[in-house]
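Provided below for reference: sequence and predicted model.
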Amino acid sequence: MSTDITADPAALAAGSEPDRVNHFQLLRGLGFAAVGMVLLLAMWWVGGYAVQNNPATTAFADFAPGPALSRLQDMLSSGEAWEMTVPSLQRVLQGMVIAIAIGVPVGILIGRVQVLREITNIPFQFLRMISPLSWMPIAVMAFATWDGAIVFLIAVAAVWPILFSTAAGLRRVDPSWFKVARNLGARPWHMLFVIIFPAISQDILTGIRLALGVAWIVLVPAEYLGVTSGLGYSINDARDTLEYDRLAATVVIIGVIGFLLDFACQQAIAKLSWHRED
Amino acid sequence: MLKGAHLAVEKVSHTYRRGRQQALVDIDLEVKPGEALALVGRSGCGKSTLLHIMSGLLAPSAGKVWIDGAKVEEPSPRWVVMFQQPSLYPWMTVAQNVALGLRFTGRSREIASRVPEMLKLVELSDYADRNVQDLSGGQQQRVALARSLAPSPEILFLDEPFSALDAFTRGSLQRDVRRIARELGITLILVTHDLPEAVTMADRAVVLSANPGRIREIVPIELENRDDLRTAEYAKARGRLAAAYEHAAGLGLAPGAEPASAKRAATGGGEDGQGRNAALPAAR
C-alpha cells in the first residue's frame, strides 16, 4: 500500500531546473515591458513634435514629454503631486469599501438562493448597464457634500463587478463540498467562513480588481464636480489656467497610480490563490 | 474502544419529486453493531438513494431510519459518508482537512492528538502539512477516510468510494478500510456495483432489484481469509453473490420481451442522474 506514496509530484517539482526557467521568463517579461514603454514614449514625443510644428496647435506644445515630465518632477519634489492624489485615493477607498460591503454579501445571497437570483437578475442587469455618471445629477441632489456624491458614484460603479463575480464564483463551487461539510457537522457560520469564503476568495478579489479599475476611471469625471481637490479637479484646473504641462503630468500620475493599484490587486490574488496553474 | 451503532430501516419507500416511478419500495433492513454490510444491485436499483436516506442526507417519502434507537433526521458526524470523489478542500493542508469534523463540532482541543492518530491509521503521517492537491487519487481518498474517522463515527457509509481508483490502489484501500473498521468496531455500510469489492469488504450483501428498488436477497459472506482472493471459499462466495445479483437483475427485466439494453436506456440512466441530483438540494 505504500507504492502510491512514492509517486510524489511535489518532490519531483522541487528541483533547480524550474528556477532557471522562471528567471529567464521574468527577464524576458521585463524586457518586453520596457520595449512597450519606450514605444509609448516615442509616440507621445512624435505627437508633441507634430503639435508644436503645426501653427494651429502650437499653443498646446507643452503636452509633449519634455515639458510634461520636467513639470512632473517639480510637482513630485514640491509635494503637489501627493497633495492632489491623497483626496482622490481617499474617495476611491471609501467608495470601494461601500461597494465591497454591499457587493460581497448580496453576491453570496444571490449565488446561493436561486429564487433571489431569478428575482434580481433582470433588475441588476438593467442597473449595471447604466453609466454611473448618469446618476450624477441625482447624487448631487441627494448628498449634502460634493465628496458624498463622488463616493456614491464610485460605489455605484464598483458594486456590480464585485457582486457578479462573487455570485458566479459561488455557483461554480463543487456542491459536494457543501454535502461533506454538512455531514461533518458544519453550522451555517462554518459553512460561510470555513467553506464559502476560502472557496470563492479568488473570485471576490478578481471582482474587486475589476471594480477598482472601473472606480479609478469614474473618479476623474466625478471629481469635475464641485470639489477643489483631487486628480480630476487638477485636470480641470490645469485646463482653465492653460498649464498644459501640468495637465499632461497629472494624466501621467493618474495612469501610474491606476497601474500600481491594479498590480497590487494582482499580487494579492496570486498570493491568496489556492488554484494550481498546471 | 469505540462501538459501532445499530441501524434499522423501517418500511422505507422513496419517490423522487420528478420521478414517475418509486425509487425504493418497502425496504426493511437491520444492521448489527460492528457489522460490514454491502448494498449491491445494478444501476437504477436505488442503492445509492438508500444510502443517502440511511445517512440522513435525504429524507425518505415514507418510512423511518433508526440509529441506536434514535430517528435519523439529518446528517451527523456520528455517521459519516465517503463518496466516490474525495472532495477535499484544496485551500487546506492534509491535517486541516482531517481536523474539520472536530473543528465543526466544537472539539478543537482534540485536534492535536486525534489528527496525527488518524493520519497514522491511513499511513499518511508524513503528509500532514502538504496541500491536498499534491497527493495522488488514492492518497486523497485516504485523507478523506481519515477525515471521516476523526470525529469517531459509529457508522461509516461508503458510496462507491473506490470506483475512480486504479485496481491496485482500490484493492489496498478495500482491505485497509475493512481492517480499520474492524479495529475501531465501526459499523460499515457500503454501496457498490463491484461484486468482488462486496465479497472482500462485507459480512453480508443485500441484493437489490430495480424498478422499483426492492430487497431481493441477503447473501451472507463468511470468509476465513480476506487477503487472498484465490481461495476456493472466495470463489464460492463470489459465485453465490453473482447468482443472486443476476437473479435480481433478471427479475428486473421480467416479462423477457424487451432486450436488456433498451430497458437500461429507458431506466438505467435514471439512478445516477436522479440519485445525484436528488442529493444536491438536500445538501443546501
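Yep, it's here.

all contacts plus neighbour counts: C-alpha atoms, from now on.
Fine.

may I have the distance across stretch B:17-35, first residue to last?
Chord length of stretch B:17-35, first to last residue, is 33 Å (C-alpha to C-alpha, to the nearest Å).

any idea how far it is from the chain center?
Centroid separation for stretch B:17-35 versus its chain: 14 Å, with C-alpha atoms, centre = their mean, to the nearest Å.

could you pick out the longest helix of chain B?
Counting residues, the longest helix in chain B under DSSP state H turns out to be helix B:232-252.

what's that helix packed up against?
When contacts are defined as 3 or more C-alpha pairs under 8 Å, 6 or more residues apart in numbering or on different chains; DSSP states H and E, helix B:232-252 packs onto helix B:195-201, strand B:204-209, strand B:214-220.

what pairs with the second one, parallel or antiparallel?
Strands adjacent to strand B:204-209 in the sheet, as given by DSSP bridges, are strand B:36-40 (parallel), strand B:214-220 (antiparallel).

pLDDT on the first one, on average?
Spelled out, that is strand B:36-40. What strand B:36-40 shows for mean pLDDT is 93.

who touches that strand?
B:31, B:47, B:178, B:187-195, B:198, B:201-208, B:245 (C-alpha atoms under 8 Å, 6 or more residues apart in numbering or on different chains).

mind redoing it with 6 Å?
Residues outside strand B:36-40 that contact it (C-alpha atoms under 6 Å, 6 or more residues apart in numbering or on different chains): B:187-193, B:198, B:202-207.

farthest-separated two in the residues you listed?
Maximum pairwise distance among the contacts of strand B:36-40 (C-alpha to C-alpha): 19.8 Å, between B:Thr187 and B:His193.

between the two, which one's more packed in?
B:Thr187 (25 against 17; other C-alpha atoms under 10 Å in any protein chain shown).

now the closest residue in space to the more buried one that isn't next to it in sequence: how far from B:Lys3?
Leaving aside its chain neighbours, B:Thr187 sits nearest to B:Gly34 (4.1 Å; criterion: C-alpha to C-alpha, 6 or more residues apart in numbering or on different chains). Computed as C-alpha to C-alpha, the B:Gly34 to B:Lys3 distance reads 7 Å.

again, but for A:Gln266
For A:Gln266, the distance to B:Lys3 equals 52 Å [C-alpha to C-alpha].

coming back round to it: shared neighbours of B:Gly34 and B:Lys3, anything?
In contact with both B:Gly34 and B:Lys3: B:Gly185, using C-alpha under 6 Å, 6+ apart.

more neighbours: these two, which one.
B:Gly34 (22 against 15).

helix, strand, or coil at the more buried one?
coil (DSSP: H, G, I helix; E, B strand; the rest coil).

what sits against it?
Contacts of B:Gly34 (C-alpha under 6 Å, 6+ apart): B:4, B:185-187.

try it again with 10 Å
B:2-6, B:154-155, B:181-189 (C-alpha atoms under 10 Å, 6 or more residues apart in numbering or on different chains).

give me the buried subset of the residues you listed.
The neighbour count (16 or more other C-alpha atoms under 10 Å in any protein chain shown) marks B:4-6, B:154-155, B:181-182, B:184-189 as buried among these.

looking at B:Pro75 now. What's its pLDDT?
With respect to pLDDT, B:Pro75 has a value of 90.

the helix or strand encompassing A:Gly169 vs chain B: in contact?
If you go by DSSP states H and E, A:Gly169 is part of helix A:146-171. No - under the criterion of C-alpha under 10 Å from any C-alpha of the partner chain, chain B is not reached by helix A:146-171; the shortest gap measures 12.2 Å.

for stretch A:256-273, same thing?
Yes - using C-alpha under 10 Å from any C-alpha, stretch A:256-273 comes into contact with chain B via A:272-273.

so who does residue 157 touch?
No chain was given, so I picked chain A. A:Ala157 sits next to A:95-96, A:99, A:128, A:130-133, A:151, A:211-219 when contact means C-alpha under 10 Å, 6+ apart.

actually it's chain B I care about, not the one you picked
B:36-38, B:51-52, B:54-55, B:79-83, B:148, B:187-191.
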